[in-house]
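K.L.:
okay, here's the prediction I keep looking at, along with the sequence it came from:
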There are 2 protein chains.
Amino acid sequence: MKNPDAVAALSALAQEHRLAVYRLLVQAGPEGLPAGQVAEAVDLAPSALTFHFDRLRDAGLVTVRRDGRSMIYAAQFETMNALLGFLTDNCCQGAAEKCAPAVCSPAKSRRTKVTASQE
Amino acid sequence: MKNPDAVAALSALAQEHRLAVYRLLVQAGPEGLPAGQVAEAVDLAPSALTFHFDRLRDAGLVTVRRDGRSMIYAAQFETMNALLGFLTDNCCQGAAEKCAPAVCSPAKSRRTKVTASQE
DNA sequence: TCGTTATTTCATGATTTACTGAAATATTAG
DNA sequence: CTAATATTTCAGTAAATCATGAAATAACGA
């Protein structure tokens, strides 16, 4: 992950409602949640929620798919891993042995390949 | 770290120049850098830099001390660690065994020339 | 003291962000 | 087809963010 992508991801998460939405989606796991269910949980108007979803999506932090009338949003775990990698990489210059990799996995157990690849 | 503190830290980092400044300070280690040296590295007007330092400081990501005419800014590593903890905690609900703790340590003091580089 | 250096403070303005509510779109049920 | 549901799009607006430059403050040296 490069600097501009990190700024994009950080910006997307740097808002009360979006952080709440994202955390909710992380807990929901890879299957995701319909927008309406998220709206109810965080108490946001539908149009406001769309606004925030767009920003999370632009940053690559969530994906969306249609299921009937519902739009299902799901966390994109790879992006959070890349962000954590970027931040810890930044932190551990010259002291790498003190740093364990930060890894973000979906809530429901699932074989995820954990790569340390950094752009 | 609680949700509002995380939003504060994320907001502070969610800006091109501030992220560059923060990374620079991390590389500089606990001794920190005088404001002027940072200004030169990231090519910012002094008043603009003060503006950004204030935000990093409000978020607890940096500290300042005076040294003669210079103000020395230094990264506050604990806050980044708390943020990483918050984010990985959020990520690893129900899959904790897959998650290594993210740790941010100061760079070992190397007398390397410090520059604000992308990537 | 006076002048210089280092940084902050403040006023101003342009841009971006986040919210609201109305209208539009897509999908399903009757 | 018509109505209902789920969500997006859009226009309008208030507030926050970021930059600029001039003036103020602090510390030092001659």
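P.N.:
Now that the structure is in, tell me what you want to look at.
K.L.:
going by C-alpha atoms from here, please, whenever you check contacts or count neighbours.
P.N.:
Noted.
K.L.:
for DNA strand D, what's its nearest residue on chain A.
P.N.:
Proximity to DNA strand D, evaluated over chain A using C-alpha to the nearest atom of the strand, is greatest for A:G36 at 2.9 Å.
K.L.:
does that residue count as helix, strand or coil?
P.N.:
Reduced to three states with DSSP: H, G, I helix; E, B strand; the rest coil, the structure at A:G36 is helix.
K.L.:
list the contacts of it.
P.N.:
Contacts of A:G36 were listed using C-alpha atoms under 8 Å, 6 or more residues apart in numbering or on different chains, and they are A:P46, A:S70.
K.L.:
by contact count, what packs against the helix with the most length in chain A?
P.N.:
Counting residues, the longest helix found in chain A (DSSP state H) is helix A:77-91. Secondary-structure packing of helix A:77-91 (3 or more C-alpha pairs under 8 Å, 6 or more residues apart in numbering or on different chains; DSSP states H and E): helix A:3-13, helix B:16-28.
K.L.:
contacts for the shortest one?
P.N.:
Pointing back at helix A:3-13 there. Defining contact as C-alpha under 8 Å, 6+ apart, one finds that helix A:3-13 is touched by A:18-19, A:22, A:55-56, A:58-61, A:83, A:86, B:7, B:10-11, B:13-16, B:19, B:118-119.
K.L.:
how about that helix and DNA strand D, touching?
P.N.:
No. In terms of C-alpha under 7 Å from any atom of the strand, no part of helix A:3-13 sits within range of DNA strand D; the closest distance is 8.8 Å.
K.L.:
coming back round to it: Serialize the helices and strands packed on helix A:77-91 to TSV and add fields for mean neighbour count and mean pLDDT.
P.N.:
Shown next, in TSV, are the helices and strands packed on helix A:77-91 (neighbours: other C-alpha atoms under 10 Å in any protein chain shown; pLDDT from 0 to 100):
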stretch	mean neighbour count	mean pLDDT
helix A:3-13	21	97
helix B:16-28	23	96
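K.L.:
do you know which of those lies nearest DNA strand C?
P.N.:
Of all these, helix A:3-13 comes closest under C-alpha to the nearest atom of the strand, at 7.2 Å.
K.L.:
could you give the angle of the closest one to helix B:16-28?
P.N.:
Using axes from the mean of the first three to the mean of the last three C-alpha atoms, to 10 degrees, the inter-axis angle of helix A:3-13 relative to helix B:16-28 is 110 degrees.
K.L.:
which residues of chain A lie near DNA strand D?
P.N.:
Residues of chain A lying close to DNA strand D (C-alpha under 7 Å from any atom of the strand) are A:34-37, A:46-51, A:69-72.
K.L.:
go through those residues and flag which are in strands.
P.N.:
The strands in this structure, assigned by DSSP state E, contain A:P34, A:S70, A:M71, A:I72 from those.
K.L.:
in chain A, what residue is nearest DNA strand C?
P.N.:
A:G68 (3.2 Å).
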